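Visitor: sequence first, then the predicted structure:
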Amino acid sequence: MKPKKTLTIALMLILLSTLPFTALASDGDSLSGEGYVVVPANPVQAVEEPKADPVESVQPVEAADQSDSAAADDEVQERLVGTVKLTSGNLNIRKGPTLEDEVIGKLPNGSRVEVLEQLDEWVKIPYQGTSAYVSKPYLVIAKETIKPNAGASKIIVLDPGHGGKDPGAIASDKTYESTLVWGYAVKAKEVLEKSGYTVIMTRDEKNSCTDYKSIYDELDCRSGLANKVGGHLYISLHADANPSKNFRGTVTFYNARNDLDGYQNPFPQESKRLAELIQSQVQPTVGSKDRGVDNKNYYVNRMNTVPSVLIELGVMTNAEDLKLLKSKSMPEKVAVALRKALDQYFSEL
Ligand SMILES: [Zn+2]
């Protein structure tokens, strides 16, 4: 890596904005932008200087125009979904429906996959843009019904991670995570609002949860927004970074534990379900590895007042994932996948 001036400035900005929380890898290309979200609740909030309400700029929520919410695919959709049930280890994903076929991936216990086709002993699933096979006896297969308008009038708070002075993860080609996920958020807002959802962003021309002096104030702005606007769900969009260039995959986090500082999301079951549904739609759409869903202590999830997830769409320090994430058609595909997951979520309520 050449010591370029721009990179040095970017590094300084990251250090300045997230100093106590950002894990710096030895290689500047592998900056993790995620450290800052695993911080305890603000222990010094009570003694800080009073300041303007960070979300005073929130505008009254206007219902989305639902006149064209009846999309072309308006009828009830059904699909089969398999949930991996294992006592230990992972379920092999194979190229073909025999034990002789090459193992090309693994599904963790509890993963949910769409069932494209059922053979006697094998099930065909979507995998990395094509399809693959897993052993049928380890899947619990159930039918899911999606009502496309189940989420009409629901308010979704969408949180494109980082922003302002904080670029988040930085890829080797200098792609910023904050810029990348912004593109996904804009497309998701567009697609969701066509289906009748109202989408409020944590950073746009109306709300700006960035560049606070304190990381706590920034995270409080983000995690408190759903409460302020009467939101129903909170979805934080991120892309990961890792010191290992081979590390890749899509993962969705939720919070159903209080072992960090006693705080926990008040909707652990709903958050977990939302995470499962989003992971099962978005992971095969992105086409990277399946890192499953995970119960973590991320601030924006556990300090939220509504069911909340944080999705790492892929890993920006992995060349294959970066290519997938930067593909021009991917934001719209992911937006449709998110919409299907939300339709499914609200169909089940
Ligand atoms: Zn991030």
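Guide: Nice, I can see it. Not measured: the values here are computed from a predicted model. Residues are numbered from 1 along each chain as shown.
Visitor: center of the chain, which residue is that?
Guide: I311 (1.7 Å; C-alpha atoms, centre = their mean).
Visitor: check which helix or strand covers that residue.
Guide: I311 is part of strand 308-315 when elements are defined by DSSP states H and E.
Visitor: between whichever helix or strand comes after that strand and strand 308-315, how big is the angle?
Guide: Per DSSP H and E, strand 308-315 leads on to helix 319-326 as the next helix or strand towards the C-terminus. With axes from the mean of the first three to the mean of the last three C-alpha atoms, to 10 degrees defining the directions, helix 319-326 sits at 120 degrees from strand 308-315.
Visitor: what's helix 319-326 packed up against?
Guide: helix 268-286, strand 308-315 (3 or more C-beta pairs under 8 Å, 6 or more residues apart in numbering; DSSP states H and E). In this view, the C-beta of every residue, glycine as well, is placed from N, C-alpha and C.
Visitor: the strand holding I311 near the ion anywhere?
Guide: No. Using C-beta under 5 Å from the ion, strand 308-315 stays clear of the ion, coming no nearer than 7.3 Å.
Visitor: strand partners of that strand, parallel vs antiparallel please.
Guide: Sheet pairing here is set by DSSP bridges, and for strand 308-315 it gives strand 233-240 (parallel), strand 250-254 (antiparallel).
Visitor: can you give me the strands for this protein?
Guide: Assigned by DSSP state E, the chain shows strands spanning 77-84, 91-94, 103-107, 112-115, 117-118, 122-127, 130-135, 139-146, 155-160, 198-201, 233-240, 250-254, 290-295, 308-315.
Visitor: could you dump these to CSV with mean pLDDT?
Guide: Compiled in CSV, the strands of the chain are given as follows (pLDDT from 0 to 100):
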stretch, mean pLDDT
strand 77-84, 88
strand 91-94, 94
strand 103-107, 90
strand 112-115, 88
strand 117-118, 95
strand 122-127, 93
strand 130-135, 93
strand 139-146, 87
strand 155-160, 97
strand 198-201, 96
strand 233-240, 98
strand 250-254, 98
strand 290-295, 95
strand 308-315, 98
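Visitor: go through those strands and name the closest to Y263.
Guide: Comparison of the strands of the chain against Y263 by C-beta to C-beta identifies strand 308-315 as nearest, at 12.3 Å.
Visitor: and that closest one, how far out from the chain's middle?
Guide: 3 Å (C-alpha atoms, centre = their mean, to the nearest Å).
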